[in-house]
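*Asks:* Compute the structure for the input listed below.
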Amino acid sequence: MHLTLVFLGDVKCQMSNVKTTYQNSKLNKLQLIKAAVKEVCGTLQSIKVKFKGLGCFPDYEWPRIIWLGLKGDLKSLSALQKKIQENLKKTGLKFDEKPFRPHLTLGRIKRARAKERREIGRQIKKMQKMDFKSEWLIDRVGVYKSKCLPKGSNYFELFSWKLWKL
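*Replies:* Residues are numbered from 1 along each chain as shown. Predicted structure coming up:
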């Protein structure tokens, strides 16, 4: 289970000579990412969240991604995301800057007829206010590489750092 804080996209396709304001501009792109994220992780505590309701992107009429919502200490979670994003901006790499909407992706709908897709969206909408009793302690941050395959994405952890315990 993972929560995407910042989506970098295809890093190797970005310019090899990125202009950076980060501490050591002689680092390669992966080292820049590692340094930017590591710097933030040493300063923050772990974060408690709970699961809350199902939803989908882009909307209930044409769902493509099904997600599980979060509640709890979203203020701290948003602060973590913002600090990482700010540090990554200093690296000069480009990344997706859509507004942060904390969620866990459960699945993707790739092939479904319009009628089926609308029905899936209708059923998900019924569960948007579901409440779950379980908690999740976000106690580390990782940098992952994903590989898109016909049956879905595979994720490979490149680096991770522990957050302070509560």
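*Asks:* Next one: the residue of the chain most remote from its centre from N154, what distance?
*Replies:* Farthest-out residue of the chain from its mean C-alpha position, per CA atoms, centre = their mean: K115, at 29.9 Å. K115 is 31 Å from N154, where distance means CB to CB, to the nearest Å. Backbone N, C-alpha and C define where each C-beta goes, glycine included.
*Asks:* Mind jotting down where the strands sit in the protein?
*Replies:* 47-57, 65-72, 103-108, 131-138, 140-149, 152-162 (DSSP state E).
*Asks:* How about residues contacting the second one?
*Replies:* Contacts of strand 65-72 with the rest of the structure, by CB atoms under 8 Å, 6 or more residues apart in numbering, involve 3, 47-57, 77, 102-109, 120, 124, 128, 135-136.
*Asks:* Now a ChimeraX select for only the buried ones of those.
*Replies:* Here is the ChimeraX command that picks out the buried ones among the contacts of strand 65-72, judged by 16 or more other CB atoms under 10 Å:
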select :3,47,49,51,52,53,54,55,56,77,102,103,104,120,124,136
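*Asks:* So, low pLDDT: which residues of this structure?
*Replies:* Applying pLDDT under 70 to the chain picks out residues 1, 12-27, 166.
*Asks:* Counting by contacts, list what the longest helix along the chain packs against.
*Replies:* Longest helix in the chain by number of residues (criterion: DSSP state H): helix 74-91. Applying 3 or more CB pairs under 8 Å, 6 or more residues apart in numbering; DSSP states H and E, one finds that helix 74-91 contacts helix 29-41, strand 47-57.
*Asks:* contacting residues around the nearest residue to R122 once chain neighbours are set aside?
*Replies:* The shortest distance from R122 to any non-neighbouring residue, by CB to CB, 6 or more residues apart in numbering, is to Y60 (6.8 Å). Contact analysis of Y60 by CB under 8 Å, 6+ apart lists 121-122, 124-125.
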